[in-house]
Structures are given as structure tokens and as C-alpha cells.
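# Below: sequence and its predicted model.
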Amino acid sequence: MTYTKGLEGIVAAETKVGHVDGGKGQLIYRGHWAKDLAIHYTFEEVAYLIWHDSLPNSKELAELKERMKKERKLPSYILTIMDNLPQNTESMSVLRTCISALGDSSYSWPPTIDQAIKLTSITPTIIAYWFRKQNGLDYIAPNENLDHVANYMYMITGEVPTQNSVKSLSAYFVLTIEHGMNASTFSSRVVSSTESDMVSAICASIGAMKGPLHGGAPSGVIDMLEEIGSEDNIEPWVREKLENGQKIMGFGHRVYKTHDPRAEALKVVSEQIAGSDNWFKLILQIEEVTLKLLREYKPGREIYTNVEYFAAAVMKSINLPADLFTPTFTASRIVGWTAHVLEQSADNRIYRPESHYTGLIPEAVK
Ligand code: ACO
């Protein structure tokens, strides 16, 4: 039997949902390039693709949107739960608690697309409710006239977002909707393999996503942009970090050893939207200088711009508060999790790896 710490290099499932090829810089969702989907399709269209294995026609899309709008509303007992939680509870913990509380008998095994739609639809409402409550603001109910991503922004700010902001956040949602056998996706597949319900599987995923090694947030990149501040400070700032052996946020990736396709797609969308905005110009200049200095200080290491770098550009352009970065990532990734749960249940075998015992062996009984 082989043992690899962290299961690195071990294939744990067969999947048609998505594929990451870090060497080639490719990300595929159900036979489509993720970066093309992010530029040309909406969140609902890509969610449909991820669940059904085909893009929707106009009737199917309209039905999905209608269904999602219906499922956004918070039942009164969920409001009661949130109103009774300690004010300092982290949003990811609130989300895990509320999703768990939704798990009545309608969620029992086997999992269904209908359950996936319900959980995906209600997630932004829980996040927005808690965000506003923690900030002493009144709850803003979902807006029937807005699609999923626009409505999420509306429930946070109380204002109907501009088309550009929606386009930008939608691209982020699409590019983070699925990413192969990462820790949170694997968690939901393991729970589902016991024939437990979809809600339990998604709670496990939220728990995994909450960990700082997984639900990474672009806050570090935003802090860096603010610290650098101006063009003439870029090179001295980056050089100083590299001289001191520090990492530059938003560069490098464990899997992608070439261009991260998600970073490339978010850059295209950000360029279309931000154009010649000063802060975006600075972002591009920092990227250029950092890549040049990384080649100088870390030759041959294949370090490129990662998704967090341009996610920071998106978050900054729409003024999304840092507290909402990981919950927002969760609001998109729940589509990938639920699709993996459905796939696992369709051809199930309970996960049961072995462990290598390194403890003491008691003396043999005489
Ligand atoms: N800045 C400077 N040097 C770097 C960077 C970076 N961002 N990334 C890697 N390196 C260097 C390391 O110092 C190391 O150099 P050495 O060989 O001289 O010791 C070499 O490249 C290999 O680095 P590792 O950390 O072993 O590479 P790994 O693939 O394990 O790390 C990681 C990937 C953790 C993402 C790393 O690149 C990093 O810390 N980046 C900055 C943080 C960041 O942007 N995180 C978000 C990632 S995207 C996501 O998680 C969704």
C-alpha cells in the first residue's frame, strides 16, 4: 500500500464535472473552457451546465432563474436562528449552521438537482442577512427583478448594482464554481458516499472551506495594493519583500505551474470594465514588475499571477467588504459541491482508505 501525505497525487474519484491541468494551465467544466464560460455566460447558465452536463436553452434557463428566485427567501425559523446567534459569530459558521438547519426530511438520500438548486439559491440570502445584521443594518429582502449575482449585491448594499459590477462579480462566480478534487469538494463526496443527505455533505464542505488554507481570500492582495500605493513605489516594495525571502501575494500556485486560466479570464473581464481607471492601471503595473522580479529572484520556479490577484481587482472594483470574500467564494462553489454529491451518489462506493499505524505494538500475549 502506498502512503502520500495529504493524498497528493492520488486519484480519489472519476468525474465529468471539472478538470484542472496545472501543467497546461487548463480548467474545464463539463467539456467547456472555464475562461470562455466566464467571459460569455451568466452564473445561472454555468450552474445549469455543471448540474445537467449541457448548457440550457432559453426555456430551461428561464425555468432555472424562476426556480432560484422562489428559493431565495429565508424561512422564518432561519431568521430566528440567526437572530439568536452571538453577534461575533463568523459568517462561515453562521452559513454552516443555517444550511444545517435547512436539512429537513425533504433532503434525505438520494440527493437531487432540486435540492442543489434550493441550497445554492438561499446561500447568498443567509450571507447578506448576517453581514447586514453584524453591521447594524436592516435586512434587505431578495429583489424579484434581479438574477442571482445582481440580487446578492443588492441584498448586501441595498442598491441595484451597475451592469459592469454584475459582469465582474459574475465572472468571479463562474471561475470559482468548480475546481476538481479540492479539500471541500472531497469532503462532500466522502460524506455523500455514506448515503448521508446532501445538507450534511454541504455542511462538511463549508467546514473545509472555512479553513484559511482553503477558502483563501484576496485580502492579502488588496493590502499589498494599498501598501504600494503608487507606481514609483512598486519596484522598491517588491524588491524588499523578495530580498527578505517573503512571498508576494497573488503569485504562485500549488497546482498551476503556468498561467492560471482563472487569473487570465478575470484580467480580461476587469480590463473590459475598469479600462483606464487609475487603480486598475496600478494593478497591471504591479503585475508586470512583480513577474519581472520573480524571474530575477526565483529563476526557473514557474511563478505566475494566480486567481487571487485579479479576484482582488474584482472585489476592489465593486467595493465588496473583505469579511464577505470567503462567503462569496462559497456562494459560487456550492454549485460544484452539489454536482459532485450528485455524481458520487449516481455511482457510489463508500470511501474507506487505510491508515499506516506508527504507534507502539503491545507485547504479544503469551
Ligand atoms: N512570491 C515569492 N516567491 C514565491 C512565491 C511568491 N508568491 N510563490 C512561490 N515562491 C517561491 C518560493 O519562495 C520557493 O522558492 P525557493 O525554491 O527559493 O524556496 C519556490 O517559489 C517554490 O515555492 P513553494 O511555496 O514551494 O511553492 P508551492 O507551489 O508549494 O506554493 C503557494 C504555492 C503556497 C500558493 C505560493 O506560491 C504562495 O505562497 N503564494 C503567495 C500566496 C498566494 O497568492 N496564495 C493564493 C494562491 S491561489 C489560491 O489558493 C486559490
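Great, that's in hand. These figures come from a predicted structure and were not determined experimentally.
# The ligand versus residue 30, what's the distance?
21 Å (C-beta to the nearest ligand atom, to the nearest Å). C-beta coordinates here come from the backbone N, C-alpha and C atoms, glycine included.
# which ones are touching that residue?
16-18, 49-50, 53-54 (C-beta atoms under 8 Å, 6 or more residues apart in numbering).
# distance of it from residue 264?
20 Å (C-beta to C-beta, to the nearest Å).
# Could you point out which of the contacts of residue 30 is nearest to the ligand?
Closest approach between the contacts of residue 30 and the ligand, by C-beta to the nearest ligand atom: residue 18, at 14.5 Å.
# Bridge partners for the closest one, pull those for me.
Beta-bridge pairing for residue 18 (DSSP bridges): residue 29.
# residues contacting it?
27-30, 34, 50, 178-180, 336.
# With residue 25 instead?
Under the criterion of C-beta under 8 Å, 6+ apart, the neighbours of residue 25 are 256, 258-261.
# Got a quick PyMOL command for the buried subset of those residues?
Buried subset of the contacts of residue 25, written as a PyMOL selection, criterion 16 or more other C-beta atoms under 10 Å:
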select buried, resi 256+259+260+261
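# how about a markdown table for the contacts of residue 25, with distance to residue 292 added?
Below are those laid out as a markdown table (distance: C-beta to C-beta, whole Å):
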| residue | distance to residue 292 |
| --- | --- |
| 256 | 19 |
| 258 | 17 |
| 259 | 16 |
| 260 | 18 |
| 261 | 22 |
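# The contacts of residue 30 into TSV, with extra columns for secondary structure, pLDDT and distance to the ligand?
Listed next are the contacts of residue 30 as TSV, based on DSSP: H, G, I helix; E, B strand; the rest coil; pLDDT from 0 to 100; distance: C-beta to the nearest ligand atom, whole Å:
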residue	secondary structure	pLDDT	distance to the ligand
16	coil	98	23
17	coil	98	18
18	strand	97	15
49	helix	98	22
50	helix	98	18
53	coil	98	25
54	coil	98	28
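# out of these, what pair is the most spread apart?
18 and 54 (14.9 Å; C-beta to C-beta).
# Quick check: closest non-adjacent residue to the residue in the stretch 151-300 of the chain that the ligand sits nearest to.
Distances between the stretch 151-300 of the chain and the ligand by C-beta to the nearest ligand atom are smallest at residue 252, namely 2.1 Å. Counting by C-beta to C-beta, 6 or more residues apart in numbering, residue 303 is the residue found nearest to residue 252 once chain neighbours are left out, at 4.5 Å.
# quick one, what contacts residue 46?
29, 37-38, 174, 177, 335 are the contacts of residue 46 under C-beta under 8 Å, 6+ apart.
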